[in-house]
Structures are given as C-alpha cells and as structure tokens.
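Asker: Please find the sequence and the predicted model below.
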Amino acid sequence: MPSSNDWINNPLGVVEGLFAQSNSNPGWEAKVLEYFKGQLKEKEAHSWVPSLNDVPLHYLKPNSLVKFRCLIQDMFDPEFYMGVYETVDASTKAKVLRCGKYKDVTESGVDLNSRNMVTSERQTFYCVPIPGETPWAKEISFLSTVPHSYARSSQARVVPSTSYVPSRQKRSYEEDDEMDTQPQKQRDPHTELHGSVDSKRQETEASSSQTLLPSSTSSHLDLNFPLPGERGPACLVKVYEDLDSFKLNDTLEVYGILSVNPLLSVLGEEKETSALLLDPTETMETPEEQRAHDPPASLVPRLHMLYARPLKHNNPLLPCGSTEEQSAFVSSFLVEMASVRAELLAYLTHVLLGDGLAAEYLLLHLISSVYARRDVLPLGKFALNLSGCPPNSSYTERLYQIIQDLVPCSYRLSMSLHNMNSLRLVPKKDYVANRLVSGALQLARNTSLVLDETQLEQGQLDASGVRNITALGNLISWQKVDYDFNYHQMEFPCNINVLITSEGRSLLPSDCLVPLQPLVMPPNLEEYLNTIHLTSQKNKFRVYLSLARTLDYSISDEVTKAVEDDFVDMRKDDPQSVTAEDLHRMLVVARLLSLSLGQTALSPEGWMRAKHIDILRRSRSQPQKSFNGNEP
C-alpha cells in the first residue's frame, strides 16, 4: 500500500498540503482530484478503502477516506461555504490561509473581514443504499474487501475496547442495531466520536409503515428509504465538481472524506431552537426542513465527494477495473455463455414445474433492459406476465426468492387490496420539509420487480389504490414514474424489469403473456419447492444474467430485409393474426435470444427460433382481454 497511508487515513492532510504548495493559486483543486483518482487507479486500491455499506459507522475513523455504494434519493438546494479563509492566532496575531473545501466546520479564529476569503458553492445529495440490493450481492461486496480494507488499512477505522476482529463473519446492521438500545444521553461535545454514536443506531430501523406512509412531523427522523424494512446508513454527500453530471436516482460508488463532527448536531439543534424564537417571516427554513436537511451526523454522516464512479450495475462478481480488464473478462466468459445458458435454463425449468417454454421466456425476461428510447417508446423492455401460478400457496414467494438469489437488485410487491390502497409507490414532494418523500417505485436501474397478483382479493380500490395501479401500468408500458409534486407531476424515466405472477391473466399490461403449463405435479408443492437450491454454478448464473444485458447488439441490412420479407409473407396468410405489435415483440425476443447465447448480431436462425417459440406460446391459449383491453 502507498507509504504512510496518508491518502486514506488523512486525506484532509493531503488536501491541505496541496493547497499550501499552490499558495491558493487556481489549479490546486484539479491537482487534488488528480491525486486521489491516481491513487484509486492502482491495482486493488478500491478494496483498500473501507465501505460505509459494510462497516458500522462507529468503527470508521472520522475524516478518513471511505466509499459508499448508493442511490441519489434527493437533491437539496446549493449551499455556500468558505472555500478559502484566514485564521488569526490569538496570542501571536499570525495569520494563516486555510482551505475550507471538504470540511463542515472551520478552525477557530476565522478573520471574517479578511480580503482573502473566498465563498464557494457546493450541492448536497441525500443518498441511501441501493434499494432492494440482494443479500448475496451485499455479502460478496463485503467479502471482496475484507483481505484489503481491514488487513491493509486498519488505521482507517477506530478500534474500540471491544476488539473488533476483522476476519470474523460480517456483523450486519441489524445485529449492530440490537446492541444499541440505550436512550440518548447528554454527552460532552469533546467525547470521542465512536462513543457518541451508538445510542442513535436504533433510529436507523425504518419499519414499513414509517417508510411508505406519509412522513411525520415528529422529532423522529425518517431516513426516507424507498423500500420497507431497509437497513443501513443514509448519507449527505457534498458535491463540489461536475454538478450537472449527476441525476436523481443515479447509482454511484462515492469516494469521499467522512465527516461525523459532533458539532454538526449541536449546530443543528441551536439552529432549530433559534428558528423557533424568530418570526416565521424572518426565517426561510421550517423546523421540519431543518430536521430533514441537517440530521444528526451520528445518524446521517456527511461525505465530501472526491470521486464518484457511476454504477451501470451493482453485481460485485463483474470486474470494475480498467476497460482492458473488463474487456478481457467479457471475452473469456463469452466462451461459456452457451453452456451456462443451458444449465440455467434447466434450473429454471425445474423451478417452473417442468415448463421449458416458460423457463425460456423467464430467462429472456431476466436479461432484458431498456437500451434506448425512441420518442416516448422505451426499446428493449420485456415485461412478462406468468399466469396460471398456483393460488393460495407459497409458490410465488418461493419463485421470488429464487430470482432474488440470481439478480443483484430485486423487490417483491404483494398486490393485496390492503397494500394497493395503503402503500406509497410514487415519490411525493414534501414542501414543508423541502424534501422528496420516497416511494417503492424509486428504484435503481435493472431492478427485478416482481408483482404478485395472486395475492389480490376481491374488494374496492380507493383513490390511492387507483393511483398505484395507474403508476404500475405506466411503469410497465412506458418505463417511467410520474413523481407527485402536488401542483404538477414530473416524469422520471426508469429501467425496471417487471415480472407479474398471476392466477389468471393480469389486470396490468405486459409485453408478453405466458400461461404456465406444469409437467410436474408434486403432491406436496411446498416440499417440492424446498428441494430447489442453486447449484455450485450459481455465481456463473449471476454473472451470466448481468453480462448478457451489457452486450452490444446489431442487425445487418441483409437480415433486416429477410425479416421484413418474412413478415410480409406471414401477413399474406392471415393479416389479422400477425400485427405490427407482434413483429415488435418477436424482434425483442430475437434480440434477447441472441444475447442469451453471447451473440451480438441477429442471425437468420435466431429469427426463426424467435418465431418458433412465439408460435408455441400463442398456441397455449386464446388471448383474453385484460382489464385495460390490451393483448399480449
């Protein structure tokens, strides 16, 4: 590891050193970013940096370099700070020029009348762990950093008297929360940080009712996770450069300087108290806004961004190194694509009770992704309705668990009448607290969303339920979610894989309906499902599903002409049986079939295979009108 570990354990020292060397001349900020990016380019350097996702906050060293794998849940208004300021020694009257960047609190003795003071602007993102990140993805991400971040950069974390042993099994946030059940006590602000954060850890537990129901104006801080039951840290990320390159709902791995200064909590409390004494017309912030934007640093730490790596996926089994490393990995795995596909198809056929055709469509669904948009039409989406699922059983829940064990991000929404009428699916702007209150459809790209319609019973949808059903329909048809800003709606594009499991045909639209036709009818379905386990090839399955959707794809002019001629011939036989929608669906299926085999171009054989399985699917049952009149 680099000598003295300064860039991880004392990044502010590096920043201040480069600032002093430049005499505050323009260009020093670029040198800072260049330095840290250069360090992170070193082989395995990413694994040396401790992760907020995996290490409890009170084990991390304040002002050290940490990383955070997250989703941008909200963006706050820009804030001003002292980028450069001057301090005066009280005894010697000596003046020192200091850098205020990447800090929340300045040193004492600031000369507010100094001509050298420079006011700068930064933006704050409210970031949460990637919603629905599956247990295996979290565990592998953690294990991939254990040999390096603990063994080599142990100084980047605090080691209290309890002797935290790095090599032991990861202690989850859930277990950590159980230990921190004592009420908050008054503490001296100069007490060591790791001794002041424990008692607030239980506040990270956000129940489903707190997460999806409207936010309360009570003193309890809602961490605003999109999904119920989510655990882990939320974080205020301070962003200094390239502000326009970030968007709401982006997934990032942020590298930054951890700030958990206890003074932030004190200042926040003083700010809230003083606001209560002022006339409402004299302050721009409400108490609710202050609580949302200045939460206790022990509960919501600040992270001053030095570098952010956009995440096209969050599969930790795929390399995240240089372009050359990634290309080499893809090339080596392409050789195995066909064999891995065959094994995965056999596994999914077993899961779907011997139905090989349904397994094929499920596999294609799992590698689908929106690759482009033409006007309002998202290209590449493949929402699948798997009908004929056994009712009143654990089948759909077990099916979801199997999918969850294959993909890095997933969520199952039980479409019971109660859930449809009570859950908040669409994010809504809270103008009192000036924040975006999250909803269950604020998800990361390529999340597998399983809508379990077998749980829907007879009853009346209220106004909220109708809005939720409409939101799900828009998500499936247009891959967008219309966020509620009270006086208007704002459209946010998304890229979410939607699988609908239903007993009959779904009341929701879909791109493809596949009626399940089991060939295996076990006397005890639950016992049969419990015998289904991932093989030793599970990691290859996980890599395969993520890698297949990243491959490039094209159709040559010759194949395009052949497909057009074939479509004309099909229309000659029966113009009513084959429509433009059918052609579009078969082209999507042909594309996914090619990618599933590791082929980046459509072949005539691929087109004929797509036609064949579509004929088999359509022969299973006559199309029935859905609730909204659409046909698959």
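Answerer: That came through fine.
Asker: Now do the contacts for residue 455.
Answerer: Each residue near residue 455 by C-beta atoms under 8 Å, 6 or more residues apart in numbering is listed here: 396, 414-416, 419. Glycine gets a C-beta too; all of them are placed from N, C-alpha and C.
Asker: C-alpha coordinates for stretch 77-93, CSV please?
Answerer: Coordinates of each C-alpha in stretch 77-93 appear next as CSV, following Å, rounded to 0.1, in the frame of the first residue of the first chain:
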residue,chain,number,x,y,z
ASP,A,77,-30.6,23.3,-2.9
PRO,A,78,-27.0,24.5,-3.3
GLU,A,79,-25.2,25.8,-0.2
PHE,A,80,-22.4,28.3,0.2
TYR,A,81,-19.3,27.7,2.3
MET,A,82,-15.9,29.3,2.9
GLY,A,83,-13.7,27.8,0.3
VAL,A,84,-10.7,29.8,1.4
TYR,A,85,-10.4,31.7,4.7
GLU,A,86,-7.8,33.2,7.0
THR,A,87,-7.3,32.4,10.7
VAL,A,88,-5.6,34.7,13.3
ASP,A,89,-3.7,33.2,16.2
ALA,A,90,-5.0,34.9,19.4
SER,A,91,-1.6,35.1,21.0
THR,A,92,0.8,35.8,18.1
LYS,A,93,-1.6,37.5,15.8
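Asker: nearest residue to residue 286 other than its sequence neighbours?
Answerer: residue 432 (5.8 Å; C-beta to C-beta, 6 or more residues apart in numbering).
Asker: that older thread, what about the contacts of residue 455, which are in helices?
Answerer: Members of the contacts of residue 455 lying in helices (criterion: DSSP state H): 396, 419.
Asker: farthest-separated two in the contacts of residue 455?
Answerer: Farthest apart among these by C-beta to C-beta are 396 and 419. That separation is 14.2 Å.
Asker: Specify which residue of those two has the higher count of neighbours.
Answerer: A side-by-side neighbour count of residue 396 and residue 419, using other C-beta atoms under 10 Å, places residue 396 first with 24 against 19.
Asker: My guess is that one contacts residue 456. True?
Answerer: No: with contact defined as C-beta atoms under 8 Å, residue 396 does not reach residue 456; the gap is 11.5 Å.
Asker: ok, so what distance separates residue 557 from residue 595?
Answerer: For residue 557, the distance to residue 595 (C-beta to C-beta, to the nearest Å) stands at 20 Å.
Asker: Sorry, slip of the keys, the one I care about is residue 516.
Answerer: Applying C-beta to C-beta, the value for residue 516 to residue 595 is 24 Å.
Asker: Same drill for those two, tell me which one is more crowded.
Answerer: Neighbour count, other C-beta under 10 Å: between residue 516 and residue 595, residue 595 has more, with 24 against 19.
Asker: which SSE is that one in?
Answerer: helix 580-596 (DSSP states H and E).
Asker: what does that helix rub up against?
Answerer: Against helix 580-596 from outside (C-beta under 8 Å, 6+ apart): 337, 341, 363-364, 367-368, 380, 382, 511-512, 548-549, 551, 553, 563, 567, 600-603, 606-607, 609-611, 613-614, 632.
Asker: Only the buried subset of these, as a PyMOL command please.
Answerer: Under the burial definition 16 or more other C-beta atoms under 10 Å, those of the contacts of helix 580-596 that qualify are selected in PyMOL by:
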select buried, resi 337+341+363+364+367+368+380+382+511+512+548+549+551+563+567+602+603+606+607+609+610+611+613+614+632
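Asker: lowest confidence element among the helices and strands of the chain?
Answerer: helix 208-212 (a mean of 35; mean pLDDT, DSSP states H and E).
Asker: tell me what the helix or strand following that one is packed against?
Answerer: As assigned by DSSP H and E, the chain's next helix or strand after helix 208-212 is strand 235-239. Where contact means 3 or more C-beta pairs under 8 Å, 6 or more residues apart in numbering; DSSP states H and E, strand 235-239 is packed against strand 65-75, strand 118-129, strand 251-259, strand 302-310.
Asker: Mean pLDDT and mean neighbour count added to those, as JSON lines?
Answerer: Below are the helices and strands packed on strand 235-239 laid out as JSON lines (pLDDT from 0 to 100; neighbours: other C-beta atoms under 10 Å):
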{"stretch": "strand 65-75", "mean pLDDT": "97", "mean neighbour count": "25"}
{"stretch": "strand 118-129", "mean pLDDT": "96", "mean neighbour count": "19"}
{"stretch": "strand 251-259", "mean pLDDT": "97", "mean neighbour count": "23"}
{"stretch": "strand 302-310", "mean pLDDT": "96", "mean neighbour count": "21"}
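Asker: Need the residues that contact stretch 364-383.
Answerer: 384, 403, 406-407, 445-446, 448, 476, 478-479, 493, 495, 497-500, 509-512, 545, 548-549, 553, 588-589, 591-593, 595-596.
Asker: Return a PyMOL selection command for the buried portion of those.
Answerer: Buried residues within these, by 16+ other C-beta under 10 Å, are selected in PyMOL with:
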select buried, resi 384+403+406+407+445+446+448+476+478+479+495+497+498+499+500+509+510+511+512+545+548+549+588+589+591+592+593+595+596
